[in-house]
Every structure is written in structure tokens, then in C-alpha cells.
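> With the sequence up front, the predicted model follows.
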Amino acid sequence: EPLIGVSVIVKGQSTVGTITDFDGNFVLDIPTGKGMLEVSYIGYKTQTVTIGKTPQITIKMEPDTQALEEVVVIGYGAVKKRDLTGAVSSVKNEDITLTPATNPMQALQGPKLQLRGTRSFTASGDPMFIIDGMPGDYSTLNPNDIESIEVLKDASSTAVYGAAGANGVIIITTKSGKAGKININLNAYVGFNGWATVPEMRSGDSYINVLREANQIAGTYSTDEALFSSPEAYKAHLNGQYIDWADELLQTGVTQNYSLSVSGGTEKTKAYFSLNFSDEQGQFTGDNYKVYSTNMRIDHEIKKWLSVGVNMQGS
């Protein structure tokens, strides 16, 4: 098959050249037997052809399959260039830790996620979570240990992970050690969760007057004692014993997070280790969430073609 638009130049003389026509032909005025031609075309190997004494040259281009096999490093691994068709959104570490929280998914949307719409009346619509190549639970991960979060949203997710990826896939990559000096990071955060605005409760005369007026309008008023659910409640009213339920149920909670990580290594061996403590008190009394977690990664290169490692996460 003729190739149209193939570039043909005299090697070493980029100004002397041409391109092939619709029939794959080209014409160049050059001395025979002197110099070389460089022939190049997208998707094919560049060839160098010696100019012979014959006035005609036939050149057969060879497809450059290696160009299609080039590896592209993306958030969820390394894939061939020809396979990269997915819609992927990426969230980096600095965005994840921007909003301090015990749940790293709050950096995206919230604890409840939906990527590809409602697909069933009864089945769960939660996406599949892959942590360092394995299905896992993100809720106990330390946000400071996360290198990146990749959100796979289209059908290519299903193609790679099967039916489990039908609701989309979220891939979490945790930090690993890097060659060089030992690196120590300490992150600390303290915040407050509270000061909610609630309606003011009535008590005393203000409360009993509202009850009287409501019952008088309804035509059901008889005595003040009948306005209450029990004699004990009426007695508590007479004694001025009122409970501010909003004040009893709500609190000003303290949220704190402390994270320590150590990483480093050589070109052959790299290690990462972290300890984390998170304590989040909600606005409701007794609504507390406390997590102790650790993350350890060790990678060792035995040969250029063989690496071994350990990845442990505990909480």
C-alpha cells in the first residue's frame, strides 16, 4: 500500500527533502551514489537508505510496534499507551490533607460516594476501593499516608476489574520510601466541632402560657395540671425543673490528629513507616470516633527484574 506524506530528506541536510505523493512516489535531485536518505513517517520506523547508482529506489516502511507498546505511568498503575482510554480524575496528597478529617474520602465528597448513578433499587451503589493493588477499607487509613486517590469513572473500570467495578473504582496509593536521607514528618491538628445554633426552649410562665392558649383555642382547656402528660411533670413545672434538651444532647467536640512518619533508603532498599492517632468528637454527646493506625512498606530490589516487598496496614 502506498504511504502518503512520508518525509524524505538528505541525511545531514535538513533543507534538502520532500514528501511522498498520493501514490507514495517522491522525486529528489541529488548526485547518484553520494549521501544517504532519511525516511520517516508517524507509526513507522525511521530508515536510512544509501543512495545508489540506480535512479529509482523502492523503500518498504516497517510499522513501529514499540511506539504502541510504550508504557504510560498513570495513577492506577502502568499501562500501554494504546490501552489508555479511561476517564480518570486524580486527587493528590496536598488536597486530601487540606481538610483535616479521620475519613480521607471527605476530601472528595463525603463518606457516601456515588460515581455512576443509581444502578439498582436494592443493591449497593458503592464504588470498589483498591488500596495498593488490593481491595480494602479506606475508613481507617491515615490521610497523611495517602500519596494519591484516583477515581475511575467510565466503563474501562469494569473492563479491568470485572463486575466488581460496575459502580466505578477508586484507587488509593499510599506513600512509599524514597532513596536518600532519612525523612521524618510530624503532622498535628487540633480543631473544634460545635457551636450549633438551636431554637431557644421555653420554660416557666412562657411555657405554660403557650399551652393554655393552644388548648383554649382548641376548646380543650380545663386546668393547668391537665395540660401536662403526668402529675409528676406538673409537679416539676411548679418546682421550676426544666430540661434544655438541646443543651443536654449537644456538645462542643474536640477533633485532633497526630501523625508521625519516617521514610528513606537506598537505590536497592526503601522503607516507609508511620504511626497515627485520630480522635474526633461529634456535636452530639457520646458521638466519638477514635482510631490508632500504622502503615509499613518495605521494598527491596534483588535484581533489575526481581523485587520483593512487604506492605502492612493495621488499625
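Looks like it arrived, so ask away.
> Wasn't Arg202 part of a strand?
No - membership of Arg202 in a strand is not supported by DSSP: H, G, I helix; E, B strand; the rest coil, which gives coil.
> now the residue nearest to it when sequence neighbours are not counted, what's its secondary structure?
Closest residue to Arg202 in three dimensions, ignoring its sequence neighbours and counting by CB to CB, 6 or more residues apart in numbering: Val210, at 6.3 Å. In short, each C-beta sits where N, CA and C put it, glycine included. On the three-state scheme (three-state DSSP), Val210 is labelled helix.
> State the distance from Val210 to Glu200.
Relative to Glu200, Val210 is positioned 13 Å away (criterion: CB to CB, to the nearest Å).
> More neighbours: which of these two?
Val210 (12 against 8; other CB atoms under 10 Å).
> Which pLDDT does the model give the more buried one?
Val210 is assigned a predicted lDDT (pLDDT) of 93.
> and the helix or strand encompassing Ile171, how far from the chain's centre?
Applying DSSP states H and E as the criterion places Ile171 in strand 169-174. With CA atoms, centre = their mean, to the nearest Å as the basis, the distance from the averaged C-alpha position of strand 169-174 to the chain average is 6 Å.
> Give me the sheet partners of that strand and which way each runs.
In the sheet containing strand 169-174, the strands it pairs with under DSSP bridges are strand 128-131 (parallel), strand 146-152 (antiparallel).
> and those as CSV, adding mean neighbour count?
What follows is these, written out as CSV (neighbours: other CB atoms under 10 Å):
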stretch, mean neighbour count
strand 128-131, 20
strand 146-152, 20
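> Which of these sits closest to Ser222?
strand 128-131 (62.3 Å; CB to CB).
> Residues contacting the following helix or strand past the closest one, please?
The first helix or strand that comes after strand 128-131 along the chain, using DSSP H and E, is strand 134-135. Taking CB atoms under 8 Å, 6 or more residues apart in numbering as the criterion, the residues outside strand 134-135 that touch it are 128-129, 164.
> circling back to that earlier point, ok, then the element right after the strand holding Ile171?
Next helix or strand after strand 169-174 toward the C-terminus (DSSP H and E): strand 180-193.
> What mean pLDDT does that next one get?
Throughout strand 180-193, pLDDT has a mean value of 91.
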